[in-house]
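> With the input below, show me the fold.
(one chain, ligands or ions: 1)
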Amino acid sequence: MKLGIPKERVAGEARVAMTPEIAKKLIAGGLEVLLERAAGEAAHYGDAAYEEAGVKLTDTAGALGCNIVAKVRKPSADEVAAMRDGSVLVSHAETCDDADPVIAAMQQRDIKVIAVERIPRISRAQSMDALSSQSNIAGYRAVIEAASHFGRFMPLMMTSAGSAKPARVVILGAGVAGLQAIATARRLGGDVYGYDVRPETREQIASLGAKPIELDIGEAAAGEGGYAKELSEEGKAKQQALLADELAKAHIIITTALIPCRPAPVLITEAVVERMREGSVIVDLAAANGGNCPLTEADQVVTRHGVILVGHTNFPAMMPSDASAFYAKNIVNLLDIMLDKSVDGVSLKDLDADEITQAAQLRPTA
Ligand SMILES: NC(=O)c1ccc[n+]([C@@H]2O[C@H](COP(=O)([O-])OP(=O)(O)OC[C@H]3O[C@@H](n4cnc5c(N)ncnc54)[C@H](O)[C@@H]3O)[C@@H](O)[C@H]2O)c1
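Presented below is the predicted three-dimensional model:
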């Protein structure tokens, strides 16, 4: 059974789906691992390290033509054309549209797609949860980016040349990325506040040493599977109004609020940005989904009304070594439930037999 690891081709993508260390374990377990030459280079994993681990180096077609292909990003139509009929792809599917043409092209050729975004958020699947592993990195990196764009100290600083007060940092959305951002901003000494529309997050925010912001929006926002659901138009307006004073006082806002497969909610209006102090920083982790602030520009850093807005859309790729190592670990844990290992070799199990692979599999639309 061959596992192929192609080089990622999406612009700015520095991650790779496998590291030498993790490949070595898979090879010991009976899999043959083939990697496209230089696939790990941007993540600082050189070909020599893979070869030493027992990985076979190959070209694009060789990596895509395996029984199982592991990728970080959704393949292009050309990549799909090079895949083998009846193979299995494990990757981000990056679509909410089951009729997506690239996905449909795979389904027509019986290529099964395990979309890592659809892995259920249950305890058993935690070690396979790529959304969490990558969001964690994004939350950390967002604070580092904020600190580097902020022309002031984050912690309380007392020196013979003067002192600085701690920066007031507000984290919006306390999911995986938001909670990591809170923890990181606390470690850097910020005066940290946290807010989420799901009331159960208050305790989590406080347990990390931040101050929960409490608002009475007058409606419940807990949706399915622990995710938030979209507020009514009235609820959205109320939330924006109640948040405005808290946000206007912030030096740094890290905003992470998302609703699966919906545009990101607007939490920071232009009027709030106008009220913020000059040199304040907003890092908008929802930039790829329209942004939690309408002034955010995806993949750009812009200054509006004196406030610096950071709109990077791929924070994990800014830390490619750890992001790849965590992702590869998620993949190997997923493969563990997908494969049968016996003295005769490795074979693929029925992907519908396990609730995790069953839920994560994309199905052809009727
Ligand atoms: N295996 C597990 O048990 C597991 C693993 C990871 C996450 N989870 C849970 O999954 C859920 C989703 O986490 P995620 O990080 O993927 O979330 P996400 O990336 O979908 O959204 C980020 C956060 O934004 C919040 N949000 C949405 N709309 C908002 C609004 N209008 N105002 C303020 N905040 C808003 C959400 O409540 C969420 O906390 C959470 O309940 C998390 O605890 C469970």
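
> How far off centre is stretch 120-130?
Stretch 120-130 has its average C-alpha position 14 Å from the chain's average C-alpha position, going by CA atoms, centre = their mean, to the nearest Å.

> ok, and what's touching that stretch?
92, 116-117, 119, 132, 225-226, 326-327, 329-331, 333-334, 337, 355-356, 359-360 (CB atoms under 8 Å, 6 or more residues apart in numbering). Every C-beta, even on glycine, is put in place using the N, C-alpha and C of the backbone.

> Give me the buried positions along that stretch.
Of the residues in stretch 120-130, those with enough neighbours to count as buried (16 or more other CB atoms under 10 Å) are A125, M128, D129, A130.

> Can you tell me which of those residues end up in helices?
Secondary-structure check on those using DSSP state H: residues within helices are A130.

> out of the buried residues of stretch 120-130, who's near the ligand?
Contacts with the ligand within these, as defined by CB under 6 Å from any ligand atom: D129.

> Could you identify the buried members of the contacts of stretch 120-130?
With burial judged by 16+ other CB under 10 Å, the buried subset of those is 92, 116-117, 119, 132, 326-327, 329-331, 333-334, 337, 356, 360.

> out of these, who's near the ligand?
Contacts with the ligand are made by S132 out of these, judged by CB under 6 Å from any ligand atom.

> which residue packs closest to the residue of the chain found nearest the ligand, ignoring adjacent ones?
Each residue of the chain has a distance to the ligand, by CB to the nearest ligand atom, and the smallest belongs to G175, at 2.3 Å. With sequence-adjacent residues excluded and distances taken as CB to CB, 6 or more residues apart in numbering, G175 is closest to T256, at 6.4 Å.

> what does this structure put close to the ligand?
In this structure, the chain approaches the ligand at residues 121-123, 126, 129, 131-132, 135, 172-178, 196-198, 226-228, 231, 239, 256-260, 265, 267, judged by CB under 6 Å from any ligand atom.

> residues contacting G4?
G4 makes contact with L34, L35, E36, T58, G62, A63, L64, G65, C66, I68, V69, A70 under the criterion CB under 8 Å, 6+ apart.

> Make a markdown table from these and add neighbour count to it.
Supplementary listing: the contacts of G4 in a markdown table, determined by neighbours: other CB atoms under 10 Å:
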| residue | neighbour count |
| --- | --- |
| L34 | 23 |
| L35 | 28 |
| E36 | 21 |
| T58 | 20 |
| G62 | 18 |
| A63 | 28 |
| L64 | 25 |
| G65 | 18 |
| C66 | 23 |
| I68 | 24 |
| V69 | 27 |
| A70 | 28 |
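
> What about those, which are in helices?
Reading helices off the contacts of G4 with DSSP H, I get G62, A63, L64.

> that older thread, keep only those of the contacts of stretch 120-130 that are in helices.
Where these overlap with helices, as defined by DSSP H, the overlap consists of 132, 326-327, 329-331, 333-334, 337, 355-356, 359-360.

> Can you say which two of those residues are spatially most distant?
By the measure CB to CB, F326 and E355 form the most distant pair in those, at 22.9 Å.

> So E278, which state does it fall into?
The three-state label for E278, taken from DSSP: H, G, I helix; E, B strand; the rest coil, comes out as coil.

> Check it and give its pLDDT.
The per-residue pLDDT reported for E278 equals 98.

> Repeat that for the one 10 residues further on.
What the model reports for A288 is a pLDDT of 95.

> my read: it touches H312, true?
No: using CB atoms under 8 Å, A288 is not in contact with H312, being 9.2 Å away.

> Of the two, which one has the most company?
It is H312, of A288 and H312, that has more neighbours when counted by other CB atoms under 10 Å, with 21 against 16.

> ok but the more buried one is inside a helix, no?
No: with the criterion set as three-state DSSP, the secondary structure at H312 is coil rather than a helix.

> Report whether the expected contact of it with A287 is present.
Yes: the pair formed by H312 and A287 meets the contact definition of CB under 8 Å, at 6.9 Å.

> quick one: common contacting residues for these two?
Taking CB under 8 Å, 6+ apart as the criterion, H312 and A287 both touch D299.

> which parts of stretch 255-265 are buried?
Applying a neighbour-count criterion of 16+ other CB under 10 Å, the buried positions in stretch 255-265 are T255, T256, A257, L258, I259, A264, P265.

> Give me the distance between V10 and A42.
Applying CB to CB, to the nearest Å, the value for V10 to A42 is 12 Å.

> Who has more neighbours out of the two?
Neighbours of V10 and A42, each counted by other CB under 10 Å, are more numerous for A42; the result is 18 against 15.

> what about the more buried one, which SS state?
Counting by three-state DSSP, the backbone at A42 sits in helix.

> Enumerate every residue touching it.
Taking CB under 8 Å, 6+ apart as the contact definition, A42 lies against E13, A14, R15, V16, P320.

> and it, what pLDDT?
If you check A42, the pLDDT there is 98.
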